[in-house]
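Student: Using only what follows, build the 3D model:
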Amino acid sequence: MTQRTTTPLISSSGQVLSRAVTFQFALDPNVEQRIIFAKCAGARRYTVNHHLARVKANLDARSTEREALSECGESPEPSTPSLSWSAFSFINEFNAWKNGEAEDSPVNEDGSCGLAWRHELPGDVFECASVDAAQALENFAASRRGKRSGSPVGFPRFQAKAKVTPSFRLRNRATPGRAPSSQPIRFSGPSHLRLPKFGPVKLFGSTRKVRRMIDAGRFHVYSVTLTQRAGGWTVSLTGVATEFHQAERSRANRHALPVGVDRGIISLCVAADANGIPFERFEGVKTLKQAHASLKAANQTLARTKPGSKGRQRARARLAKTHRKVANSRRHLVHQTSKALVDRCQVLVIEDLNVAGMVKNRHLARSISDAAMGELSRQLHYKARWHGVEVRVADRFFPSSKTCSGCGEVKTNLGLSTRTYSCEVCGLVIDRDLNAAINLARWRPKEPSEVSLLDSTPALFLSTA
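Tutor: Next comes the predicted model:
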């Protein structure tokens, strides 16, 4: 997530809100709320598909005219005007279309124009969906011009009900200076969150930390995102908070020497300092491997069901619940590991791994995915910024595993199956991951970009049942 404003917000208590944060809770909605949640998720898909269809029709019409004019030898500029892809224009166009104010607005059976069910849902659902569609098209345009980093992005896909995770977003239309009790999105008790059009929705888990931050003016909610996964709904409160206290950012009891963090498959990560002293080994839970039998049985049950039947719905829910449990267990372990590292270390050194390329190896894809290498790096970066910890990113081609931590000799051939490093020059015998962690701790950056202190990736605090 990027910062919403160019200047930091000032809360009612005079505190600067500059830290992007997201708190996530599991919901326990009643039957009526589940129905309207599903309607809002459908309205979001409907709105996004509406904008994509308009833009695609306009692009196809202009392309056809341009080809016809080129064959005739005339100017290739088509007569059909291009559409604006800005979020502001998308919001205005859809509001006019759904309210019956546009020429092509839908006509109902009673003769009225506009969407008959538009008043049943919050208006933010349509406007936030329009913003999402505009952002997807902006990414497509930037990728086509070569101004977007990463893999090329094609034209956004139309969102099908069976292939898209049900989700929608609501904005908190309130300034940080207003009292928490007067904001549209607010806590109405220890276990209830009040949302526009929905009323109080019950939450699982303790909300004391978030409520205290809001009451003290240390956290302002920008928006909430409701998502359905594995049959259950979760809510994510996204906003800005104050920085940690200076005492938290400059702990005197942190490890002074740089600590190398080697991410692996056998263990989640191994940490050691530059003097070669082992810091800690964080073992992985191997949730995917442990749940392989359950996932296999759930997939087989799903394959035997009839498409469109209720039995197939139950089988899909069972499979999704198993996947969700695996993901939550892995994420919880990664959060514990990253928090322990930033609490106890002053300088962390990690390796720039090509995780996307590594998972293409069909022999290691499952183990690498279960190790959550990319997620651990992401969490270390933003938590290090919060706690004032320096993060150094070693070069991707730095031979951390092949270099002897005793004499510096580099082995040319070192297979992945070799878990113990044996140096033929100095005779050092050491664990492979520990050897790599020591070499990473001794690595020094050559460019300022290889040191990260200002990463603004938001946090994700899980509070589930």
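Student: When you work out contacts or count neighbours from here on, use the C-alpha atoms and nothing else.
Tutor: Noted.
Student: how close does the closest residue in space to residue 222 that isn't next to it in sequence sit to residue 201?
Tutor: Using CA to CA, 6 or more residues apart in numbering and skipping residues adjacent in sequence, the residue nearest residue 222 is residue 239, 4.6 Å away. As judged by CA to CA, to the nearest Å, residue 239 and residue 201 stand 19 Å apart.
Student: Give me the more crowded residue out of the two.
Tutor: Counted by other CA atoms under 10 Å, residue 239 and residue 201 do not tie: residue 239 has more neighbours, with 23 against 17.
Student: and after the strand or helix carrying that one, which helix or strand comes next?
Tutor: When secondary structure is defined using DSSP states H and E, the element that contains residue 239 is strand 232-241. Following strand 232-241 in sequence order, the next helix or strand is helix 246-249 (DSSP H and E).
Student: What are the buried residues along that following helix?
Tutor: Under the neighbour-count criterion of 16 or more other CA atoms under 10 Å, helix 246-249 has residue 249 buried.
Student: All the strands of the stretch 201-350 of the chain, in order from the start?
Tutor: Counting by DSSP state E, counting those that start in this stretch, the stretch 201-350 of the chain has these strands, from start to end: 219-229, 232-241, 259-263, 269-273, 278-282, 347-351.
Student: Can you list the strands that the fourth one pairs with?
Tutor: The strands that strand 269-273 pairs with in its sheet are strand 259-263 (antiparallel), strand 278-282 (antiparallel) (by DSSP bridges).
Student: What residues of that strand count as buried?
Tutor: Quick answer for strand 269-273 (16+ other CA under 10 Å): 269-273.
Student: Now do it against strand 347-351, angle only.
Tutor: 130 degrees (axes from the mean of the first three to the mean of the last three CA atoms, to 10 degrees).
Student: thinking again about what came up before, ok, the residue nearest to residue 222 to residue 389 distance?
Tutor: 23 Å.
Student: Select, from the buried residues of strand 269-273, the two members most distant in space.
Tutor: Comparing every pair within the buried residues of strand 269-273 by CA to CA identifies 269 and 273 as the most remote, at 13.5 Å.
Student: Can you list the strands that the strand holding residue 239 pairs with?
Tutor: When pairing is defined by DSSP bridges, strand 232-241 lines up against strand 19-26 (antiparallel), strand 219-229 (antiparallel).
Student: Can you tell me which of the ones you listed is nearest to residue 437?
Tutor: Between residue 437 and these, the tightest spacing by CA to CA is seen for strand 19-26, at 30.2 Å.
Student: pLDDT value on residue 178, please?
Tutor: Predicted confidence (pLDDT) for residue 178: 68.
Student: cool, residue 464 as well?
Tutor: At residue 464 the predicted local distance difference test score is 38.
Student: Could you number the chain from 4 rather than 1 from now on?
Tutor: Okay, using 4 as the starting number, the last item reads as residue 467.
Student: pLDDT on the strand or helix carrying residue 59, on average?
Tutor: Residue 59 belongs to helix 34-74 when elements are defined using DSSP H and E. Rounded to a whole number, the mean pLDDT of helix 34-74 is 92.
Student: list the buried ones in the strand holding residue 242?
Tutor: Buried positions in strand 235-244, judged by neighbour count with 16+ other CA under 10 Å: 236-244.
Student: Make JSON lines out of the residues you listed and add pLDDT and distance to residue 435.
Tutor: Conversion of the buried residues of strand 235-244 to JSON lines gives the following (pLDDT from 0 to 100; distance: CA to CA, whole Å):
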{"residue": "236", "pLDDT": "94", "distance to residue 435": "43"}
{"residue": "237", "pLDDT": "94", "distance to residue 435": "41"}
{"residue": "238", "pLDDT": "95", "distance to residue 435": "42"}
{"residue": "239", "pLDDT": "95", "distance to residue 435": "40"}
{"residue": "240", "pLDDT": "95", "distance to residue 435": "42"}
{"residue": "241", "pLDDT": "94", "distance to residue 435": "41"}
{"residue": "242", "pLDDT": "91", "distance to residue 435": "42"}
{"residue": "243", "pLDDT": "91", "distance to residue 435": "41"}
{"residue": "244", "pLDDT": "91", "distance to residue 435": "41"}
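Student: Give me the nearest residue to residue 202, chain neighbours excluded.
Tutor: Taking CA to CA, 6+ apart, and ignoring the residues beside it in sequence, residue 202 has residue 196 as its nearest neighbour in space, at 8.0 Å.
Student: Give me the below-cutoff pLDDT ranges for the stretch 204-353 of the chain.
Tutor: 288 (pLDDT under 70).
Student: how about a cut-off of 80?
Tutor: Within the stretch 204-353 of the chain, the set of residues satisfying pLDDT under 80 comprises 250-251, 253-255, 269, 287-294.
Student: coming back round to it: turn the strands paired with strand 235-244 into JSON lines, including mean neighbour count and distance to residue 186.
Tutor: As requested, the strands paired with strand 235-244 are exported to JSON lines (neighbours: other CA atoms under 10 Å; distance: least, CA to CA, whole Å):
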{"stretch": "strand 22-29", "mean neighbour count": "21", "distance to residue 186": "18"}
{"stretch": "strand 222-232", "mean neighbour count": "21", "distance to residue 186": "10"}
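Student: Out of the ones you listed, the one nearest residue 100 is which?
Tutor: Between these, strand 222-232 lies closest to residue 100; by CA to CA that is 24.8 Å.
Student: quick check, distance from the closest one to the centre of its chain.
Tutor: With CA atoms, centre = their mean, to the nearest Å as the basis, the distance from the averaged C-alpha position of strand 222-232 to the chain average is 13 Å.
Student: now stretch 139-151
Tutor: The chain centroid and the centroid of stretch 139-151 are separated by 20 Å, computed with CA atoms, centre = their mean.
Student: got the buried residues for it?
Tutor: Buried residues in stretch 139-151, counted by 16+ other CA under 10 Å: 139-144, 146.
Student: That concludes my questions; thank you for your assistance.
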